[in-house]
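# sequence-free structure coming up:
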């Protein structure tokens, strides 16, 4: 049996660009919202039957080319010393944040995440070999930001203060989270994932030189340790492309700050490119959608390896019919590859 289309993209042998969406498992699908009315977020993340069902929904409903594990970026710290509760309105709430340098010592080694193993096994049973499953983890800096800030932030004052005022403890925390991330991804790999993506959403708040010194070495450790097809996502990608290309990932997932029509640097890197359809375009009319998908497909011709995805996660009020329209257009008009 030949490889599924998504995995073919890592060899550059795919007949058209594979398509999947960040945050496709959840919030914008009516079938997901129906489950949310019956179950809390804690239940949905912790119960393998529910998490597997949510993971597989987009494959059945939208016919995307890959599934991504339904979990939270804070699943890892929730199993390494932190009390994480998923509030139905507020999202993740951490009751024991890192507020002092000595709190870094509370980052415990990860041993196992049984419900994630079981979820992956159930997903693979449902998907079979036809549809690959993407596992994921947060980048160490992004995870640490949540543990210090307590959630998303605009200014990241607490994180930046910790970064500048406690450099030794920052480095210690980054290494501990890196070690746990590698262990977490190995658990996912052993359970059956086919590829993985690192979401480094907040790493772009640092200047590129700081990123190179204090984030990139940990990212390189992760990609070197996990022998699976891999993708690296960084929000605010444009200034960081030279360093993302040194990450060790097989694909670079870029956001809307990168113009694939004009970005010459990416044609020179060895990695494939994933992205970067602007998620807000789903609010536009169908003619605009049609034009912008065509434009991105045309721009992607210069890359030997390419996966169609968004600039960031799919938005909660996205029109499902417009998502179907984009998927059908790519499947019909996608680039033929030799």
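Thanks, I have it. Everything numeric here is computed off the predicted structure, so don't read it as measured data. Residues are numbered from 1 along each chain as shown.

# Taking the centroid of this structure, which residue is nearest it?
The C-alpha lying nearest the average C-alpha coordinate of the chain belongs to residue 199 (Cα atoms, centre = their mean; 4.2 Å).

# In contact with it, which residues?
73, 136, 137, 138, 139, 142, 233 (Cβ atoms under 8 Å, 6 or more residues apart in numbering). The C-beta positions use only the backbone N, C-alpha and C, and glycine is treated the same way.

# Next, work out how far apart it and residue 235 are.
To residue 235, residue 199 is 9 Å away according to Cβ to Cβ, to the nearest Å.

# same thing with residue 170?
20 Å.

# what does residue 327 give?
Look at residue 327 and residue 235: by Cβ to Cβ, they are 24 Å apart.

# can you give me the end-to-end distance of stretch 197-214?
Length of stretch 197-214, first residue to last, Cα to Cα, to the nearest Å: 20 Å.

# Buried ones in it, by neighbour count?
For stretch 197-214, the neighbour count (16 or more other Cβ atoms under 10 Å) marks 197, 198, 199, 200, 201, 202, 203, 204, 205, 206, 211, 214 as buried.

# from the contacts of residue 199, which is closest to residue 254?
Of all these, residue 233 has the smallest distance to residue 254: 8.1 Å, by Cβ to Cβ.

# The closest one bridge partners, please.
Beta-bridge partners for residue 233, by DSSP bridges, are residue 199, residue 253.

# and which of the contacts of residue 199 is nearest residue 301?
Taking Cβ to Cβ as the measure, residue 301 lies nearest residue 233 of the contacts of residue 199, at 22.3 Å.

# in terms of contact, does that closest one touch residue 198 like I think?
Yes - counting by Cβ atoms under 8 Å, residue 198 is a contact partner of residue 233 at 6.7 Å.

# Next up, the contacts around the residue lying closest to residue 191 once chain neighbours are set aside.
In space, and not counting its chain neighbours, residue 191 is closest to residue 120: 3.8 Å by Cβ to Cβ, 6 or more residues apart in numbering. Applying Cβ under 8 Å, 6+ apart to residue 120 gives the contacts 69, 133, 135, 188, 191, 192, 193.

# so which strand or helix has residue 120?
helix 114-127 (DSSP states H and E).

# What mean pLDDT does that helix get?
Mean per-residue pLDDT for helix 114-127: 97.

# So which bits of it are buried?
Per 16+ other Cβ under 10 Å, helix 114-127 contains these buried residues: 115, 116, 117, 118, 119, 120, 122, 123, 124, 126, 127.

# measure the last one to residue 133 for me?
Meaning residue 127. From residue 127 to residue 133 the distance is 6 Å (Cβ to Cβ).

# and for those two, which residues touch both?
With Cβ under 8 Å, 6+ apart as the test, residue 127 and residue 133 both reach residue 67.
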